[in-house]
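**Student:** need a structure here:
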Amino acid sequence: MKIKIELSVKKGIIAGILMIASILYAISTDLSIKFAVALPVMLFLGFFIRIKLIWKWLDIVAFMASSFVSLTILQLETGSVINDLGIKKMILNWFLALCIFVFILLFCKKISTACKIGSIVLFILGFADALVIAFRGNQISVNDIYSIRTALSVVGNYKLSLNPMFILAIVIFAGYFMCLNKVEFAAEKTGKTRFIGIPVIILLVIITIMNMQSYHVSTWENKGCTTNGVFLEWVLEVRDLQIKEPENYSVEYIENILGEYSERRENTSPPHIVVVMSEAYSDLTVLGDIETSKEVMPNFDELYKESVHGYALSSVFGGNTAVSEWEFLTGSSMAFMPAGSVAYQQYVKNGDNSLVSYFKNEGYYTIAMHPYLPNGWNRSKVFQDFGFDESLFIDDFAQEKLVRSYVSDEEFYDTIISQFEKKDTDEPLFVFGISMQNHGGYVYEDFESDVKTTNLSREYEDVNQYLSLIHTTDESLSVLIDYFRDYQDDVVIVFFGDHQPNLNSGFYEEMDGGNSEYSKYLIPFFIWKNFSTEEDNAKDIGITSINYLSTIMMQEAGLPMPAYYQFLNEAYQEIPAVHAYGYIENNSYNSLEKDSLMEKEIMSKYWLFQYANVFGNFEGSKLFN
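**Tutor:** From the prediction side, this is the model:
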């Protein structure tokens, strides 16, 4: 191997400026000293060093080294350091990166070309992952391929805020790529020997599969990148996409167990049911002490005093609204589903049992409402598969009262009210509405924030805008409740948020995560009704989860409960909250380990019934309706 140093005044000046700027940037962002050292070293190699490989075996070493350096840069882009993974996981990720490089080599006649293309491919993958982390707060999931269309419809409303490591990764990649361009391989053309790569890929894949069985998907708090590595995390997700049939599962077994429950019917006069899933509605005080220039949600706080209320664990943070919809409408839990999966786009089929089929069997007219595009999360098809009698989307709204270009909650509630004003039959109504006003991101320049934090170290513009939006929702909420307070028929209103917003990372650091590890997944809810006394209605049930809200709603409304919902009530009594990342038992939160969760008899039954409802042949079954 020959190394040649190429010096020039022009290169020296450019490299010097970049090196100094990189070091100062690394120091100013509190990154470790190793980044301050790595940057000038990589830039020096890129600007001044030319390498000529004189032995063919060095070509293989350089090829493998190129894949490892590219993987290291990819990890940096996502805000993680590869050596933090541990030796075994680092090697498995490297093997997977090497598979990509070898695959590219099969179609290239030159090793240098394969190295360059492979490096660019890994850099682009890291870039895409970094963007998703910046927008949503967690990394790309394999299942996100189903959500591209929905993401593109709202991406323009977000402001990009990348982590410091990403900026450094770009500089390191630039230096590395310049260095790669100056490497001369001993055997530039590979010829037919490149096809040896096929058994190499097979061998690497087999080794990876054999050594990954003890690892689990880790999407909590964006730990997938940092605990498993980008590539290993994706492979683990692919492994878990296969839904295994539960042990002892059979149609007869399910029917026998659920058949033990007899129908419970309390309210002979079915009330109207209005469900409002409020986009990104949350109470940020669960994260820590926040003082504001005015009360954020005084009306909501008053409604707490005359309703069943509490907090519910969501299975998502910062996005993936459809997951919360599915959990509420079906009583299913993401605790049993593949990480990152979205049932609306993968599992829902025509005739699936849900609250919609339940209410239709009870003689209700069912309406779904969402003041945005019908193709988002595949809703137009899903609502049809669930059997809604009527679905309203953006074109069905007047769009006269807008907030940040979205249909306001005021207009959204007016449209709900209009469904009752125009109804001309005795049919009770089930209205399921998903609002849009408070959708992220929170960077609109033409929106004036009238609520500001007063006790934080600095002003976070997105936090102020978010709190102001929640205050706007709160003002509109009183209109909805006041209308139904004096309505002639019995009405039950269920109000809850789908997930917390993804805000400035500095804000969350300042809040220090709140009082518990699950604080970022808590959303407030209430179940209000215009019949019985205020004292009877008021009840704080503490913390539950979204999958149980429909069961609690049935109890409070006095609705007949099919066998499945009676079972859910039993599960709720034993495990009052369960979501994608953990569960609460005996007032203690436990991180989710599916194997240990399944050891609990009630949860094992839960998965049996959920599997039967989602994947089994139970369409229209009286056990679920």
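**Student:** Count the neighbours of the closest residue in space to residue 81 that isn't next to it in sequence for me.
**Tutor:** Sequence neighbours aside, residue 75 is the residue nearest to residue 81 in space, at 6.5 Å (criterion: Cβ to Cβ, 6 or more residues apart in numbering). Any C-beta I mention is one placed from the backbone N, CA and C, and that applies to glycine too. By other Cβ atoms under 10 Å, the residues close to residue 75 number 28.
**Student:** what's the helix or strand for residue 75?
**Tutor:** Element membership of residue 75 [criterion: DSSP states H and E] is helix 56-77.
**Student:** Next, the buried residues of that helix.
**Tutor:** Residues 58-59, 62-63, 66-77 are the ones in helix 56-77 that count as buried (16 or more other Cβ atoms under 10 Å).
**Student:** so for that helix, what's the average pLDDT?
**Tutor:** Mean per-residue pLDDT for helix 56-77: 84.
**Student:** Now do that helix: which elements does it pack against?
**Tutor:** helix 87-105, helix 111-136, helix 164-181, helix 230-240 (3 or more Cβ pairs under 8 Å, 6 or more residues apart in numbering; DSSP states H and E).
**Student:** quick one: the second one to helix 164-181, angle?
**Tutor:** Okay, so that is helix 111-136. Orientation of helix 111-136 against helix 164-181 (axes from the mean of the first three to the mean of the last three Cα atoms, to 10 degrees) gives an angle of 170 degrees.
**Student:** I'd like the average pLDDT over stretch 126-136.
**Tutor:** 77.
**Student:** Just the C-alpha atoms of that stretch, please, in CSV.
**Tutor:** Written as CSV, here are the backbone C-alpha positions of stretch 126-136 (Å, rounded to 0.1, in the frame of the first residue of the first chain):
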residue,chain,number,x,y,z
GLY,A,126,-29.5,7.6,7.7
PHE,A,127,-30.6,10.9,6.3
ALA,A,128,-34.2,9.6,6.0
ASP,A,129,-34.1,8.1,9.5
ALA,A,130,-32.8,11.4,10.9
LEU,A,131,-35.7,13.3,9.3
VAL,A,132,-38.3,11.0,10.7
ILE,A,133,-36.7,11.2,14.2
ALA,A,134,-36.7,15.1,13.9
PHE,A,135,-40.4,15.2,12.8
ARG,A,136,-41.9,12.4,14.9
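**Student:** Could you single out the nearest of the buried residues of helix 56-77 to residue 577?
**Tutor:** residue 75 (33.8 Å; Cβ to Cβ).
**Student:** What's the per-residue pLDDT of residue 204 here?
**Tutor:** pLDDT, residue 204: 87.
**Student:** That one in helix, strand or coil?
**Tutor:** helix (DSSP: H, G, I helix; E, B strand; the rest coil).
**Student:** Leaving out sequence neighbours, find the closest residue to it.
**Tutor:** Using Cβ to Cβ, 6+ apart, the closest residue to residue 204 is residue 95 (4.5 Å).
**Student:** residues touching that neighbour, list them.
**Tutor:** By Cβ atoms under 8 Å, 6 or more residues apart in numbering, the contact list for residue 95 reads 204, 207-208.
**Student:** just to revisit the earlier point, for the residue nearest to residue 81, list the residues it contacts.
**Tutor:** 81-82, 93, 126, 225, 229-230.
**Student:** Run through the stretch 451-600 of the chain and note the low-pLDDT ranges.
**Tutor:** 512-516, 533-536 (pLDDT under 70).
**Student:** quick one: the residue nearest to residue 81 and residue 509, what's the gap?
**Tutor:** Noted for residue 75: a distance of 21 Å to residue 509, by Cβ to Cβ, to the nearest Å.
**Student:** The helix or strand that contains residue 525 pairs with which strands, parallel or anti?
**Tutor:** Using DSSP H and E, residue 525 falls within strand 522-529. Using DSSP bridges, strand 522-529 pairs in its sheet with strand 308-313 (antiparallel), strand 491-497 (antiparallel).
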